[in-house]
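> Task: produce atomic coordinates for the following.
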Amino acid sequence: MTQVVYDRWLESSINIGASDALNFIRNAAKKGKISPPWADAVALRVAQGLLSALRDFGVLEGKVLKRISPPNLPIPCFVYVAFTIKHEAPSGQRVLEHPDWRLFLLNGGALERLFMEAHQQGFLRYDIMGNIMGIEFKETTLEELVDAILARV
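Numbering: from 1, shown residues only. Below you'll find the predicted structure:
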């Protein structure tokens, strides 16, 4: 998803078709990631299945013609993801640049707005001064964070 849908989102090209998914599969086969390469009928069926799965997860919308859905990550979910990323990449800048945000079609300003909203709602502390930023959580474990989120939802 982050190789096709995210790049398409950045280009402001929101339409995704079976040919896009099929090209992704064919490129994977050329790189040796699918061995032996699938027959055309199998590759097409898998491509259609990929698009259906992305639609079922809310990344795409539309029955026949698929388009990228606008990002929608509720604050409690955002806080959970931010917490897990923060433990993997402790610096504020690394958290903002982490590739996992691509799964939610988030980067730059949209990501900073979510951090500000989570800060305003008291889920975390988000401080920024020029190029220096800090992201802090009161909770130290994932279990504590989940309890804190559930207490507010």
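> Residue nearest the middle of this structure, spatially speaking?
residue 103 (1.8 Å; Cα atoms, centre = their mean).
> Domain map for this protein?
If you go by automatic domain parsing, the domain ranges for the chain are 5-68, 75-152.
> Provide a list of residues in contact with residue 18.
By Cβ atoms under 8 Å, 6 or more residues apart in numbering, the contact set of residue 18 is 44, 47-48, 51. For glycine as for every other residue, the C-beta is placed from the backbone atoms N, C-alpha and C.
> ok, residue 150 - how many residues close by?
9 (other Cβ atoms under 10 Å).
> Doesn't it lie inside a strand?
No. Using DSSP: H, G, I helix; E, B strand; the rest coil, the secondary structure at residue 150 is helix, not a strand.
> gap between it and residue 119?
According to Cβ to Cβ, to the nearest Å, residue 150 and residue 119 sit 19 Å apart.
> now residue 131
Distance, residue 131 to residue 119, by Cβ to Cβ: 18 Å.
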